[in-house]
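S.K.: Okay, here's the prediction I keep looking at, along with the sequence it came from:
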Amino acid sequence: MWQDPDAAIASLQYGPPRGSDALCAWIARREGVDPSRIVVTNGGMHGLALTVLTVVERDATVAVDDPVFPGFLWALEVSTTRTLPVPVVAGGFDVEHLARRLANGTRIAAAYTVPDFHNPAQVSLSAPKRRALIELAERYGFYVIVDDPYRELRFRGQDQGVAVFHESDRAIHVNTFTKTLGPGWRVGWLVLPDHLVDPVTRLRNRLDVHTSSVTQATIERLLTDDATRFDRIVHGATTLYRERADALIDALREQLPGAFRIVAPEGGLFLWPRLTDDAVDPTELFRRAAAHGVLYQPGEYFAADPGQRSSARHLRLSYSDRTPEELREAVRRLALAF
């Protein structure tokens, strides 16, 4: 792969704990920040774990999306199991709800949210709410953990921006190549406030030292040999995902008219339809769908608060790796389950 033997040999050596200079520089240009603020990680989950270990003291309370990406709760367990569920509404993380709780005396170490094409709720945090969340963090002294792996996957609508996160010393931005170049690479990154770079780097030295130099060098070549390659990859993916999302929605509306409340996604990989008929038992529907060969994740799997049932009447349908024909067949079988 490398024509330069010295480059090949160098990729087999130990590397800087923050990541290779060239890869950090590429990411920094993409994010619009100084390269000194980038730490390359072993995927997004590693970035979340490093963040939690750095800014969440043991048994502290962390505000989380509800519904929530369950993987974050797993990462959070290295420090705490105390969470404050915050509803995810049409405009994303309900900042007003959190503001009321803070005004009434609740104190948190951090707030976690997926701001773009939320997993599972598919919505995006609006630009005004992004600013309001950062203002709350700066007023009350907590960190905002911004988990943003789907950000590049927009196929309609208006980008809500990330500069407000990068401009605050209370925000930690977590991203990954998992959803663009593939999960097998296990390469992601953190955009950190200046004062957290050294603590995260010291922690990194005590855990895994650095991300594989070979993998970093491979991705670096992939990104820099052709300046437009990454954008072409992303454009191809979003074109595909838009086609598949639309095919899934059309099939649901044609074969199960009125069965779900559906909001068309603006990007990402998921659809989060809600059952409209309260007489339909979501647990029984899941069992019957599985019997017909259709698997999805029931909404209750994503509940941040098991006592709340707001997610239970939702289905998380993933369309990323299925053709339109397969999606239509899946809906046909789901209709049989009904």
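M.R.: Arrived safely, thanks for sending.
S.K.: quick one: contacts for E266?
M.R.: F117, S124, R154, F155, R156, G157 (Cβ atoms under 8 Å, 6 or more residues apart in numbering). The way it works is simple: take the backbone N, C-alpha and C, and place the C-beta from them, glycine included.
S.K.: Run through the bridge partners of the third one.
M.R.: When bridges are taken as DSSP bridges, the partners of R154 come out as G267.
S.K.: for it, what are its contacts?
M.R.: Contacts of R154 (Cβ under 8 Å, 6+ apart): D116, F117, T238, E266, G267.
S.K.: Assign the third one to helix, strand or coil.
M.R.: What that stands for is T238. helix (DSSP: H, G, I helix; E, B strand; the rest coil).
S.K.: Spatially nearest residue to it, not counting backbone neighbours?
M.R.: F155 (4.2 Å; Cβ to Cβ, 6 or more residues apart in numbering).
S.K.: Could you verify my assumption that the one you found touches G236?
M.R.: No - under the criterion of Cβ atoms under 8 Å, F155 makes no contact with G236, lying 11.2 Å away.
S.K.: higher neighbour count, these two?
M.R.: Each of F155 and G236 has its neighbours counted (other Cβ atoms under 10 Å); F155 has more, 19 against 10.
S.K.: can you pull the contacts of that one?
M.R.: T238, T239, Y241, R242, A245, E266, G267.
S.K.: redo that, cut-off 7 Å
M.R.: T238, Y241, R242, G267 (Cβ atoms under 7 Å, 6 or more residues apart in numbering).
S.K.: just checking, L125 touches G92?
M.R.: Yes - using Cβ atoms under 7 Å, L125 is in contact with G92, at 3.1 Å.
S.K.: that older thread, could you export the contacts of E266 as a markdown table, including pLDDT and distance to R229?
M.R.: Shown next, in a markdown table, are the contacts of E266 (pLDDT from 0 to 100; distance: Cβ to Cβ, whole Å):
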| residue | pLDDT | distance to R229 |
| --- | --- | --- |
| F117 | 96 | 23 |
| S124 | 96 | 26 |
| R154 | 97 | 19 |
| F155 | 95 | 19 |
| R156 | 94 | 24 |
| G157 | 93 | 25 |
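S.K.: And the furthest pair within the residues you listed?
M.R.: S124 and F155 (12.4 Å; Cβ to Cβ).
S.K.: Need the residues touching each of L125 and G92.
M.R.: Common contacts of L125 and G92 (Cβ under 7 Å, 6+ apart): T113, P115.
S.K.: Could you look up the SS state of H118?
M.R.: H118 - assigned by three-state DSSP - is coil.
S.K.: Domains of the chain: list them as residue ranges, please.
M.R.: 5-225, 231-337 (automatic domain parsing).
S.K.: re the thing from before, tell me the one of the contacts of E266 nearest L285?
M.R.: Nearest member of the contacts of E266 to L285, counting by Cβ to Cβ, is F117, at 24.9 Å.
S.K.: Who are the contact partners of the closest residue in space to that closest one that isn't next to it in sequence?
M.R.: Excluding the flanking residues, the one nearest F117 by Cβ to Cβ, 6+ apart is G268, at 2.7 Å. Going by Cβ under 7 Å, 6+ apart, G268 touches F117, Q122, Y150, L153.
S.K.: run the last query once more with 8 Å
M.R.: D116, F117, H118, N119, Q122, Y150, L153, Y241.
S.K.: which among those end up buried?
M.R.: Those of those that meet the buried threshold are D116, F117, H118, N119, Q122, Y150, L153, Y241, by 16 or more other Cβ atoms under 10 Å.
S.K.: Show me which pair in these is furthest apart.
M.R.: Top of the distance list for the buried ones among the contacts of G268 (Cβ to Cβ): H118 and Y241, 15.2 Å.
S.K.: For the longest strand seen in the chain, buried residues please.
M.R.: Secondary structure of the chain per DSSP state E: the longest strand is strand 82-89. Neighbour counts over strand 82-89 (16+ other Cβ under 10 Å) mark T83, L84, P85, V86, P87, V88 as buried.
S.K.: Then stretch 63-81?
M.R.: 63-69, 72-73, 75-76, 79-80.
S.K.: Now the two most distant members of those residues.
M.R.: P67 and S79 (21.5 Å).
S.K.: give me the beta-bridge partners of A110?
M.R.: V62, Y143.
S.K.: ok, it touching E57?
M.R.: No - under the criterion of Cβ under 8 Å, A110 is not in contact with E57, lying 10.1 Å apart.
S.K.: Looking at these two, which one has more neighbours?
M.R.: The neighbour comparison of A110 against E57 (other Cβ under 10 Å) goes to A110, with 23 against 8.
S.K.: wait, what's in contact with the more buried one?
M.R.: V52, V55, V56, A60, V62, A63, F142, Y143, V144, I145.
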